[in-house]
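Novice: My questions are about this predicted structure, shown below with the sequence.
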Amino acid sequence: MVSLQSTRDKSLHDQRRRVWSGAFGDRNMRDYEKRMAQYRALLVKAIDESKNKPFDVTKWFNLYTFEVMGDLAFGASFGMLETSKEHEAIKLLNSGLAPLAYMFPTWFFRLMTGIPGIARDWWKFISYCTSQMEKRMKMKSSNPDIMSYLLKPLNNQTPTGLDYMLLQGDSQLVIVAGSDTTSATLIHIFRFLVEHPQHVNVLRTEFKNLPRTELGDYQPPDLAELKHLNGVINEALRLFPPVPSALPRVTPPEGPECYPKPEEFIPERWYSRPDLMQDASGFAPFSAGPYGCIARPLALLSIRATVARILVDYDVCLAPGVSLNEFDKGLKEHFTLAPAPLKLCFNKL
């Protein structure tokens, strides 16, 4: 099994990236946003029904992003936002990624996948992704999705050999990269906003004169221009990148060389405080170069729209008895970040 992200063959990677790129054209992005808006409405409905009682954003953002990627990747949702229950695939993903929390040499992980028991849930998750891919191959759908572009080069032929392994790997990649990372980013954005509520007022000032759709959303091009919103997102990504350290690479040293006051949440450093941005090359939450995340525009579109949709209609604060210090201590890393439960209270304006 090999994916766009894991192949070391540069020519194969370039070829696969061209295949993937078709899924993220402007026309498709507009269609994806309309479909995401339906799931955002269900998320907001759940927030509204919480009636200012403790609401676990870790759980609900995970359900939301997994639902979105089920639709955009395979053309089918899982119904989790209606039932408020995790799909078995989420549990398999979390338990399957758990061994990656240990900082073994890279070669050891290849060995570990063959040890009975240790990687059982990981292989169950891969099997689930493969079944979704095979199910999608049998579907006739008029709505474009990511998998339809990955299947297009086959010309309706049954994949064999390398083609099948690539589809296997990419079906796993699209779920992990598209759901886990986005939910972790949303969770940490709200974690910082309840700690620094003054930024909520700044964001609402930016939203104030923007037109809204029937579902209460803003237009993606309008949100993309908002300096403080983008600053909040970038600052959360800087402090808690969703793929922090599992990928072997050269990184800048810790300290203030790149960012003065590096441990402080200061969104303004991204647009009005250049004195707090000494070297922006140290910021690459979506990776960089040929292996940079191809779905970056989709991720940012989703994050901007979700943050704006919630904050324009709801005040948010920590639930009674919740400690951000304890939340931070509960953070786990297993290739992607796995935040602890975070209970917040949402009060409709």
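Specialist: Looks like it came in fine. Numbering: from 1, shown residues only.

Novice: low-confidence ranges in the stretch 101-250 of the chain?
Specialist: 101-106, 109, 246-249 (pLDDT under 70).

Novice: Now do the helices in it.
Specialist: 106-112, 120-138, 146-151, 161-175, 181-195, 198-207, 220-224, 227-239 (DSSP state H, counting those that start in this stretch).

Novice: right, so of the ones you listed, which gets closest to Leu92?
Specialist: Nearest to Leu92 among those is helix 120-138 (4.1 Å), distances taken as Cβ to Cβ. C-betas here are computed from N, CA, C, even on glycine.

Novice: which residues are contacting that closest one?
Specialist: 1, 73-76, 88-89, 92-93, 95-99, 113, 145, 147-148, 151, 167-168, 171-172, 175 (Cβ atoms under 8 Å, 6 or more residues apart in numbering).

Novice: Can you tell me the SS state at Pro262?
Specialist: The three-state assignment at Pro262 reads coil, by DSSP: H, G, I helix; E, B strand; the rest coil.

Novice: Tell me, how many residues neighbour it?
Specialist: Look at Pro262: counted by other Cβ atoms under 10 Å, it has 15 neighbours.

Novice: Now it: closest residue in space, sequence neighbours ignored.
Specialist: Pro256 (5.5 Å; Cβ to Cβ, 6 or more residues apart in numbering).

Novice: now that neighbour: how far from Phe78?
Specialist: Going from Pro256 to Phe78 by Cβ to Cβ, to the nearest Å gives 44 Å.

Novice: Same question for Gly70.
Specialist: Distance of Gly70 to Phe78, computed by Cβ to Cβ: 5 Å.

Novice: try Ala319
Specialist: Going from Ala319 to Phe78 by Cβ to Cβ gives 27 Å.

Novice: And these two? Which one has more around it.
Specialist: Higher neighbour count among Ala319 and Phe78: Phe78, with 20 against 16, using other Cβ under 10 Å.

Novice: Let me know the secondary structure of that one.
Specialist: Under three-state DSSP, Phe78 comes out as coil.

Novice: For it, which non-adjacent residue is closest in space?
Specialist: His87 (4.6 Å).

Novice: mind listing what the one you found touches?
Specialist: For His87, the contact set (Cβ under 8 Å, 6+ apart) comprises 66, 78, 80.

Novice: From these, pick the one nearest Ser141.
Specialist: Nearest to Ser141 out of these is Phe78 (Cβ to Cβ; 16.5 Å).

Novice: Thr65 is in contact with that closest one, correct?
Specialist: No - the pair Phe78 / Thr65 is not scored as a contact, 11.5 Å apart, by Cβ atoms under 8 Å.

Novice: count of residues packed around Ser190?
Specialist: That one is not Ser; residue 190 is Phe. 23.

Novice: Report the set of residues contacting both of Phe78 and Thr65.
Specialist: When Cβ under 8 Å, 6+ apart defines a contact, no residue borders Phe78 and Thr65 alike.

Novice: Helix or strand: which one has Glu257?
Specialist: For Glu257, there is no host helix or strand (DSSP states H and E).

Novice: Against Met277, how distant is it?
Specialist: In terms of Cβ to Cβ, Glu257 sits 12 Å off from Met277.

Novice: So between those two, which is more surrounded?
Specialist: Counted by other Cβ under 10 Å, Glu257 and Met277 do not tie: Met277 has more neighbours, with 17 against 12.

Novice: isn't that one right up against Trp270?
Specialist: Yes - counting by Cβ under 8 Å, Met277 touches Trp270, with 7.1 Å between them.

Novice: if we can go back for a sec, give me the phi and psi for the residue nearest to Phe78.
Specialist: phi -70, psi 150 (degrees, to the nearest 10).

Novice: Ok, Pro159 next?
Specialist: Torsion angles at Pro159 (phi, psi; degrees, to the nearest 10) stand at phi -70, psi 140.

Novice: Skipping its backbone neighbours, what lies nearest it in space?
Specialist: What sits nearest to Pro159 in space, not counting adjacent residues and going by Cβ to Cβ, 6+ apart, is Leu167, at 5.7 Å.

Novice: List the contacts of that neighbour.
Specialist: Counting by Cβ under 8 Å, 6+ apart, Leu167 touches 133, 150-151, 159.

Novice: how near is it to Lys140?
Specialist: 18 Å.

Novice: what residues are up against Ile175?
Specialist: Here Ile175 is in contact with 66, 69-70, 73, 89, 93, 129 (Cβ under 8 Å, 6+ apart).

Novice: Can you add distance to Asn201, neighbour count and secondary structure and give these back as JSON lines?
Specialist: Output for these, formatted as JSON lines (distance: Cβ to Cβ, whole Å; neighbours: other Cβ atoms under 10 Å; DSSP: H, G, I helix; E, B strand; the rest coil):
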{"residue": "Phe66", "distance to Asn201": "31", "neighbour count": "26", "secondary structure": "helix"}
{"residue": "Met69", "distance to Asn201": "32", "neighbour count": "28", "secondary structure": "helix"}
{"residue": "Gly70", "distance to Asn201": "35", "neighbour count": "23", "secondary structure": "helix"}
{"residue": "Ala73", "distance to Asn201": "36", "neighbour count": "25", "secondary structure": "helix"}
{"residue": "Ala89", "distance to Asn201": "39", "neighbour count": "21", "secondary structure": "helix"}
{"residue": "Leu93", "distance to Asn201": "37", "neighbour count": "27", "secondary structure": "helix"}
{"residue": "Cys129", "distance to Asn201": "42", "neighbour count": "26", "secondary structure": "helix"}
